[in-house]
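Novice: everything below, folded, please.
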Amino acid sequence: MFRRVKNKFLRYALLLIYSVVLFTCAVQLNFLGLFGYSPTKRDIVLPTLNVASEVYTADSVLIGRYFEEDRDPVPYDSISPHVLQALIATEDIRFYEHSGVDFFGLIAGAVSTLKGDPRGASTITQQLAKNLYRTRYAHSQGYLSKIPGVRILVTKYKEWMTAFKLERKYTKDEIITMYLNTVSFSNNAYGIKSASLRYFNKQPGALTVNESAVLIGMLKGTTMYNPIRNPKNAFQRRNVVLGQMEKAGYLNNLQVDTLSKDSLHLNLNYQEITDANDSYLRAAVERWLDKWSQDNEIDIYKSGLKIYTTIDSRMQKIAEGVMSRKMKDLQRRLNNTWEGEEPWRDREGNVIPEFLENHARKLPIYQDLLKEFNGVEDSVFAQLRVNKDMEIFTWDGPKKVHYSTMDSLKHYITMLNTGMMAMNPYSGEIKVWVGGINHHYYKFDHVNQAKRQAGSTFKPFAYLAALEAGMSPCDKFVDKPVKIEFVNKQGEHEVWEPKNADWTFSYQDMSLRWAMARSLNSITAQVTEAVGWDKVVDAAYKCGIDSKLESVPSVGLGSNDVSVFEMVKAYGTFMNQGKRVEPVLVSKILDMDGNIIASFESEPKQVIDPENAWLMTYMLRGTVEEPNGTSQALWEWDLFRENNEIGGKTGTSSDYVDGWYMGVTKDLVAGVWVGCDEQSIHFKNSATGEGSKTALPIYALFMEELYKHPELGVTFGKFPESIIEIKKSYKCPSPRIKVQPDTTDDGDIGPGDPEFKLPDLPTVRPVIVNPEQTEDKIEVLL
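Specialist: Next comes the predicted model:
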């Protein structure tokens, strides 16, 4: 075909053009897989930026980010002109003149290289192509990349082609903006905004000439010219950039002389919000969105989403502050309890042998040392007992100590932990989520990952089953010894004889409301036997418990393991007129352009009769109002102004391993758990370790602080009236105790005492005859 062209020069020119076109088509089509991936037209129109997603509270407070590359794009007009000038002067002086490839720069670069002064010739557009489409990564390479020297030629050519495409699609301002939003500035800062915040604690639009020169100078080598790691190199490189800005006409000689003498002036005080793994709340949101992300094929680490939670930042702050304050006191109490003794004990109170050693054997370092010492365990533990300098978590802040690995293990394993959640019972919106004492040291979330024995907080489900069976709060049982015979799962006959907290029985007739308020095991066991333990399990499931429950005689006393999350959901059903709502942690998700792409609401489901639901709230109030109710410790806090009503239930598992409190008000349902992750470490007695002494004070102080801020939507007031007529009998006053001004003297409770009326002022409280007689511990039936 080309032989017909007589002019030799023209023939070779056409042959060259034809070869270039053919080669270009082969590269773009990745012919036979030789050349690797090239950006398509769609890729050019919709370039993919790995943009961090942001997590906000309901009141629009940023609480976290999810990212693989910490990038937050900004528009052109939000970037300081000094940054743009420094970039053009240093990286691409003819940026506004070429069409993606600077051929003049290529020739000048080749000449300089031949003279022994290597100089790059890539334009800003070419570098953008490299950053956007990862042209030099393995996935972009074809078979020809295996041939030495060919790989870089093919890659460069693809970057040229991509640069031309970008220039045809976008304006110069859009290209330089995209470049500054994609480039890495080291220290996991991607894009100009992340970099300006990381190094100077300011927005990119506020960067000065010197600050701009420091950041642009880093682009030549983000490690070598990192101002944190290599400040001298960064200083010298900044001055080189200033010199380039002078050559380009952006600065004069006097300005450069003055600026080049100035220091770097880094500001590293930016309170960085890192990825989603640094707090319980952000980790919980990530888990919450896992299924949604998979169903919609959206990677929250790259999609630039704005995720709005239902959390109220002000409530969360109050809860976290209260938790820190009370857990510090409780930890001191636990330490004092076991001072001079090993706290890990079996059910008989004996020290568990090899306790720390068995936990050490689970550590990754144990396996590494075992290999290093050829399986000689004595040598491994000798190494683990060598002291070294380290920093540990304490409630007084990080503390530098000279500990061995075994010392550190003992310190962390004897720390009390906690979980707390608060929810609007009508909408299901979660307002507070405290998963533990410190996510950096304890990753396990004690709201919805941990499941612990519920103790007496589970008793309301037994009384709900009784109401569903036709009983009323006024039906009476006798507080007496109980013997229940049953057949276990193995087909064996067993006898269970539950005891009350003080191991005594009053032989007194008590209404269901009073019995639940007193948390009497004897009557709860009788109620469970009367309705059937299967019915108690069904009642719990209907209200919102999801964990597997063993249907045994002790089920009503809380012998099963459940989560704080489930318990709050289930108690919310009582307050919501018998309608169960699934708790909601995420309310809506916006894409990068601000469009709502998902919203989440809970659909109420009627699961228990409204009359029985209202009666359960009335019975929960009884723990505060009835004689010797388990929640009467709440009177120590300022919680009962304006005839405020609070209901709740304490709980303590066997040996004081778990302390619980569940509290309900007209606006909020909350649950608190306190205990050690290692269940063999716990308090010794009820005076220090029951739920009314551990979890209840956290709830009480939280509510006391919350009531000081009515603007948050939680206010004093009575429980809602029933929406239907209450036909069952429930007004059955128990024998009352005297009311007197606040005093430390205890008074006896007897049948002849006058009727007790709730005081209007917090300075008046009912006197409790036996502060320790609040709840019972339970034994799990195996």
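Novice: how far out from the middle of the chain is stretch 215-224?
Specialist: 34 Å (Cα atoms, centre = their mean, to the nearest Å).
Novice: if we look at it, which residues are touching it?
Specialist: 83, 86-87, 90-91, 183-186, 192, 195-196, 199, 207, 225-227, 229-230, 233-234, 237-238, 240-241 (Cβ atoms under 8 Å, 6 or more residues apart in numbering). No exception for glycine: its C-beta is placed from N, CA and C like everyone else's.
Novice: for the record, mean pLDDT for the helix or strand harbouring Phe461?
Specialist: Using DSSP states H and E, Phe461 sits within helix 459-468. Helix 459-468 shows a mean pLDDT of 98.
Novice: after it, which helix or strand is next? Please name it.
Specialist: From helix 459-468, the next helix or strand downstream (DSSP H and E) is strand 476-478.
Novice: against which helices or strands is that next one packed?
Specialist: strand 509-511, helix 512-518, helix 521-531 (3 or more Cβ pairs under 8 Å, 6 or more residues apart in numbering; DSSP states H and E).
Novice: what do you get if the cut-off is 6 Å, keeping everything else the same?
Specialist: strand 509-511 (3 or more Cβ pairs under 6 Å, 6 or more residues apart in numbering; DSSP states H and E).
Novice: so which bits of the strand it packs on are buried?
Specialist: Met510, Ser511 (16 or more other Cβ atoms under 10 Å).
Novice: can you select the buried ones from the contacts of stretch 215-224 in ChimeraX?
Specialist: The buried residues among the contacts of stretch 215-224 can be selected in ChimeraX (16+ other Cβ under 10 Å) with this line:
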select :83,86,87,90,91,183,184,185,186,192,195,196,199,207,225,226,227,233,234,237,238,241
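Novice: quick check: angle from the helix holding Phe461 to helix 521-531?
Specialist: 40 degrees (axes from the mean of the first three to the mean of the last three Cα atoms, to 10 degrees).
Novice: extract the CA atoms of helix 459-468 and return them as CSV.
Specialist: The C-alpha coordinates for helix 459-468 follow below in CSV (Å, rounded to 0.1, in the frame of the first residue of the first chain):
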residue,chain,number,x,y,z
LYS,A,459,-37.2,-10.7,85.9
PRO,A,460,-39.6,-8.3,84.2
PHE,A,461,-40.1,-10.9,81.4
ALA,A,462,-41.3,-13.4,84.0
TYR,A,463,-43.8,-10.9,85.3
LEU,A,464,-44.9,-10.0,81.7
ALA,A,465,-45.6,-13.7,81.1
ALA,A,466,-47.7,-13.6,84.2
LEU,A,467,-49.7,-10.6,83.0
GLU,A,468,-50.2,-12.3,79.6
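Novice: list phi and psi for Trp433.
Specialist: Trp433 adopts backbone torsions of phi -140, psi 110, taken as degrees, to the nearest 10.
Novice: burial count for it?
Specialist: 30 (other Cβ atoms under 10 Å).
Novice: quick check: it touching Ser279?
Specialist: No: between Trp433 and Ser279 there is no contact, the gap being 9.5 Å when judged by Cβ atoms under 6 Å.
Novice: what number of residues lie near Val487?
Specialist: 9.
Novice: so for it, what's the nearest residue that isn't a sequence neighbour?
Specialist: In space, Val487 comes closest to His493 once its chain neighbours are excluded; the distance is 5.8 Å by Cβ to Cβ, 6 or more residues apart in numbering.
Novice: one more: Ile681?
Specialist: Ile681's closest residue in space is Pro343 (Cβ to Cβ, 6+ apart), at 4.7 Å.
Novice: can you check Val51 too?
Specialist: Gly304 is the one closest to Val51 (Cβ to Cβ, 6+ apart), at 3.2 Å.
Novice: check the gap between that neighbour and Pro73 for me.
Specialist: 8 Å (Cβ to Cβ, to the nearest Å).
Novice: and if you look at Met420?
Specialist: Noted for Met420: a distance of 37 Å to Pro73, by Cβ to Cβ.
Novice: which one of the two has more residues nearby?
Specialist: More crowded of Met420 and Pro73, by other Cβ under 10 Å: Met420, with 27 against 20.
Novice: once you drop chain neighbours, what's closest to that one?
Specialist: According to Cβ to Cβ, 6+ apart, the nearest residue to Met420 is Val434 (4.1 Å).
Novice: quick one: the one you found and Ala422 touch, right?
Specialist: No: between Val434 and Ala422 there is no contact under Cβ under 6 Å: 9.0 Å.
Novice: so which residues of the stretch 651-782 of the chain form strands?
Specialist: Here the stretch 651-782 of the chain has its strands, by DSSP state E, counting those that start in this stretch, at 658-664, 669-676, 739-741, 764-766.
Novice: nearest to Met390 among the ones you listed would be which one?
Specialist: strand 669-676 (21.6 Å; Cβ to Cβ).
Novice: what packs against that closest one?
Specialist: Counting by 3+ Cβ pairs under 6 Å, 6+ apart, strand 669-676 packs on strand 416-423, helix 564-575, strand 658-664, helix 691-707.
Novice: please redo it, this time with the cut-off set to 8 Å
Specialist: Using 3+ Cβ pairs under 8 Å, 6+ apart, strand 669-676 is in contact with helix 313-337, strand 416-423, helix 564-575, strand 658-664, helix 691-707.
Novice: which one of these lies nearest to Gln383?
Specialist: Nearest of those (Cβ to Cβ): helix 313-337, 27.6 Å.
Novice: following that closest one, which helix or strand comes up?
Specialist: helix 355-360.
Novice: show me how far that next one is from its chain's centre.
Specialist: For helix 355-360, the distance to the chain centre is 29 Å (Cα atoms, centre = their mean).
Novice: same question for stretch 524-533.
Specialist: Centroid separation for stretch 524-533 versus its chain: 39 Å, with Cα atoms, centre = their mean.
Novice: and stretch 480-494, by the same measure?
Specialist: 43 Å.
Novice: quick check: closest non-adjacent residue to Gln606.
Specialist: Nearest residue to Gln606 in three dimensions, chain neighbours excluded: Lys579, at 5.3 Å (Cβ to Cβ, 6+ apart).
Novice: over to Glu494?
Specialist: Per Cβ to Cβ, 6+ apart, closest to Glu494 is Asn488, 5.4 Å.
Novice: distance of the one you found from Pro553?
Specialist: 10 Å.
Novice: who's more crowded, the two?
Specialist: Neighbours of Asn488 and Pro553, each counted by other Cβ under 10 Å, are more numerous for Pro553; the result is 22 against 13.
Novice: quick one, phi/psi of the more buried one?
Specialist: According to degrees, to the nearest 10, Pro553 has phi -60, psi -30.
Novice: check contacts around it.
Specialist: Contacts of Pro553 by Cβ under 8 Å, 6+ apart are Ile484, Phe486, Trp496, Ala525, Thr528, Glu529, Trp533, Leu781.
Novice: closest one of the residues you listed to Asp655?
Specialist: Leu781 (15.8 Å).
Novice: mutual contacts of Val434 and Ala422, please.
Specialist: Common neighbours of Val434 and Ala422 (Cβ under 8 Å, 6+ apart) are Ala319.
Novice: now do the end-to-end distance for stretch 405-423.
Specialist: End-to-end span of stretch 405-423 (Cα to Cα, to the nearest Å): 40 Å.
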